[in-house]
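Undergrad: need a 3D model of the following:
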Amino acid sequence: IMEMYEILGKVGEGSYGTVMKCKHKETGHIVAIKIFYEKTEKSVNKIAMREIKFLKQFRHENLVNLIEVFRQKKKIHLVFEFIDHTVLDELQHYSHGLDSRRLKRYLYQILRAIDYLHSNNVIHRDIKPENILVSQTGITKLCDFGFARTLAAPGDIYTDYVATRWYRAPELVLRDTTYGKPVDIWALGCMIIEMATGNPYLPSSSDLDLLHKIVTKVDELHCLCYLHKSVIINHQIFFILHVLNASCQFPSKLFFPEI
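TA: As a prediction, the model looks like this:
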C-alpha cells in the first residue's frame with residue numbers, strides 16, 4: 001500500500017517511529033504517515049494499537065483524523081490528515097505568549113476535545129503544546145493517542161509513568177495508580193499558562209525537581225481541583241519538601257532517592 005504514496009519528506013521522529021509527509025499518487029491528497037519502528041518490544045505495539053483503537057472509535061472535529069491503517073514489511077503505518085503546525089510552533093513564534101483572541105480560540109477547541117474524550121470516559125494522559133495541531137484556518141486538533149486509555153471502575157490501577165514531566169500532575173509524580181480525568185486538567189492548566197506567557201509553568205529536570213516547583217508555587221494555585229488539593233495538602237512528601245524548602249538545610253534528594 002505504501003507504493004500508493006510519494007514520500008515528500010520527514011516531518012518528525014520519536015522513540016517509537018517516524019512521521020513522513022506523503023502524497024497519494026492518484027488523488028494528490030497530502031497526508032502524514034506515522035511509521036512505527038520494527039521492534040519486538042510489546043510496549044511499542046501497545047502504543048500503536050492504543051492509537052488505532054481510540055482514533056477509529058472516536059471522531060471529533062478537534063481530534064486528529066485517522067484515515068487508514070496498514071501493515072507493510074512488519075511495520076505498522078497510520079495515515080493521518082496532514083497538519084504540520086502545532087501550538088508549540090506558535091509559542092516559538094510568539095515568544096511572549098499568544099494574544100488573547102488567539103488563546104481563547106485555541107483554548108475553546110482544546111476544551112471541546114478534552115470534554116468529548118472525558119464524556120466518553122477516556123483520558124489522553126499526554127496533553128502538551130506539541131500534541132495540539134493547528135491548521136492553516138486556526139482549527140486545533142488533539143493528536144498522539146499512544147498513552148490514552150479508557151477509565152474503568154473506581155479504584156482500578158493504571159500505569160504511573162505517563163505524561164511529559166512538565167505537564168505531569170502531582171498524583172502521577174507520586175506514583176499514584178488510581179488517577180483519573182484530573183491528570184488531563186492539570187496538564188491543560190500548565191499549558192494554558194504557557195500559552196498566555198510564552199514560558200513553561202513548571203519546567204523541571206527530574207520528578208523531584210517538579211515536586212519542589214509545585215511546592216514553591218502552591219500559593220499561586222488557587223483554582224486547584226479537590227483531588228489535587230488533597231494530594232498536595234495531605235501527602236507526606238509534599239509536607240517534608242515544604243519544610244525543607246523553608247529551612248534550606250537539607251538536600252531533599254537524600255530523603256527521596258527513588259524519585
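Undergrad: helices along this structure, start to end?
TA: For the chain, helices defined by DSSP state H occupy the ranges 42-57, 87-93, 100-119, 170-173, 182-197, 207-217, 226-234, 236-247.
Undergrad: compare the ones you listed and give me the one nearest A148.
TA: helix 42-57 (4.9 Å; Cβ to Cβ). Where C-beta positions appear, they are placed from N, C-alpha and C, glycine not excepted.
Undergrad: return the most buried member of the helices of the chain.
TA: Mean neighbours per residue, mean count of other Cβ atoms under 10 Å, is largest over the helices of the chain for helix 170-173, with a mean of 23.
Undergrad: show me where pLDDT drops low in the stretch 101-250 of the chain?
TA: For the stretch 101-250 of the chain, applying pLDDT under 70 flags the ranges 153-163, 218-250.
Undergrad: one more pass at 90, please.
TA: 146-147, 151-165, 168-180, 182, 185-186, 189, 193, 205-250 (pLDDT under 90).
Undergrad: I'd like the helices of the chain as CSV, with distance to D144 appended.
TA: Formatted as CSV, the helices of the chain follow (distance: least, Cβ to Cβ, whole Å):
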stretch, distance to D144
helix 42-57, 7
helix 87-93, 12
helix 100-119, 12
helix 170-173, 17
helix 182-197, 13
helix 207-217, 21
helix 226-234, 24
helix 236-247, 30
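Undergrad: between those helices, which one is closest to N131.
TA: When those are compared by Cβ to Cβ, helix 87-93 sits nearest N131, at 8.4 Å.
Undergrad: next one: the closest one to chain centre, how far?
TA: 16 Å (Cα atoms, centre = their mean, to the nearest Å).
Undergrad: list the helices and strands it packs on?
TA: The contact analysis (3 or more Cβ pairs under 8 Å, 6 or more residues apart in numbering; DSSP states H and E) places helix 87-93 against helix 100-119, strand 132-134, helix 182-197.
Undergrad: and these as a markdown table, adding distance to L210?
TA: A markdown table is the format used below for the helices and strands packed on helix 87-93 (distance: least, Cβ to Cβ, whole Å):
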| stretch | distance to L210 |
| --- | --- |
| helix 100-119 | 22 |
| strand 132-134 | 21 |
| helix 182-197 | 10 |
